[in-house]
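**Student:** Sequence unavailable; structure follows:
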């Protein structure tokens, strides 16, 4: 591009030698052709050097050799144009002596190269800084997710082991006390025992399994069925997935199933809170080494570029951990669709 513009600048002086407008037009046409030929030849030589060079691009002597080689090519081509009197016989007056032309070419290339290298260095540093920030953000997101899972599991273990066992002991103790009371008072105590047993067997167990699905013996699909039960009476949540897609049980060591569960859990919660939706469908398919999790609802939808909340950040963190991809399709009054594709 530089040499193309350089030839065009020379034409400004060559047109003074033209005696008519027709000669000037012919001179300009030939000059453009000459400029294009030099520009293409320089581009071709640079492409060959980039492909077949046997030295590092950071080698200064090799770099100077390349600049000298390109400058020599341009000087030789300008000399050839002068000898052949193309585009004008007067071009020879503007290109001699050739050693000055060669030195000027090298100098201009050095200046341009220094400017480009400076701009490239600045851009590279900015990109490296941005990549460092992105990596740090991903690491923090993953650390938060894993910390959240650890806390969930600890709380779930505490609820399952300590609270349930304490309630069981309390129930047994109350039953002993009830047996020593009269019928009326004993019946009242047994009603309290029944309430405690209901809390222990249903509420505490359900809460512990919600916090830490690893406590359940079921796999992902079984855990999703338990998740569906939590929303009964608030909205219709259904699961569509073929049997046998997950062989093992859901555990904290199985990041794939745990991550998909957390994504589905958060997506369903978003459908309830940000919709609210009346119906949500969780669909899981597997094909060609990829598991696809799709959650769709019939809610009011959202603007495509709406601000992401904490739930979306959790989903994004799990997608990054699983090495998957996320696709969102939504529009006002057209529902919301979240599709996660994860390699197995």
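**Tutor:** In hand now; what should we look at? In this text the structure is predicted, and so the values were computed from the model without any measurement.
**Student:** Tell me which stretches of the stretch 1-150 of the chain form helices.
**Tutor:** 2-14, 21-52, 60-83, 92-95, 98-157 (DSSP state H, counting those that start in this stretch).
**Student:** can you pull the contacts of the closest residue to residue 221 other than its chain neighbours?
**Tutor:** Nearest residue to residue 221, sequence neighbours excluded (CB to CB, 6 or more residues apart in numbering): residue 241, at 5.7 Å. In this view, the C-beta of every residue, glycine as well, is placed from N, C-alpha and C. By CB atoms under 8 Å, 6 or more residues apart in numbering, the contact set of residue 241 is 221, 282-285.
**Student:** where does the protein have its least confident helix or strand?
**Tutor:** Least confident helix or strand, the chain: helix 92-95 with a mean of 54, by mean pLDDT, DSSP states H and E.
**Student:** got the buried residues for stretch 319-338?
**Tutor:** 319-322, 324, 326, 330, 335-338 (16 or more other CB atoms under 10 Å).
**Student:** And those residues, which two are furthest apart?
**Tutor:** Greatest spatial distance among the buried residues of stretch 319-338 (CB to CB): 321 and 335, at 27.1 Å.
**Student:** circling back to that earlier point, now do the phi/psi pair for the residue nearest to residue 221.
**Tutor:** phi -160, psi 140 (degrees, to the nearest 10).
**Student:** follow-up on the earlier one: got a PyMOL select line for the buried ones in the contacts of residue 241?
**Tutor:** In PyMOL, a selection of the buried entries from these looks like this (16+ other CB under 10 Å):
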select buried, resi 221+282+284
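**Student:** from the contacts of residue 241, which ones fall inside helices?
**Tutor:** Among these, the members falling in helices (DSSP state H) are residue 221.
**Student:** related to what we said a few turns ago, could I get the helices of the stretch 1-150 of the chain in JSON lines, plus columns for distance to residue 301 and mean neighbour count?
**Tutor:** Output for the helices of the stretch 1-150 of the chain, formatted as JSON lines (distance: least, CB to CB, whole Å; neighbours: other CB atoms under 10 Å):
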{"stretch": "helix 2-14", "distance to residue 301": "52", "mean neighbour count": "16"}
{"stretch": "helix 21-52", "distance to residue 301": "49", "mean neighbour count": "14"}
{"stretch": "helix 60-83", "distance to residue 301": "56", "mean neighbour count": "16"}
{"stretch": "helix 92-95", "distance to residue 301": "67", "mean neighbour count": "14"}
{"stretch": "helix 98-157", "distance to residue 301": "26", "mean neighbour count": "13"}
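**Student:** Compare these and give me the one nearest residue 311.
**Tutor:** Nearest to residue 311 among the helices of the stretch 1-150 of the chain is helix 98-157 (12.4 Å), distances taken as CB to CB.
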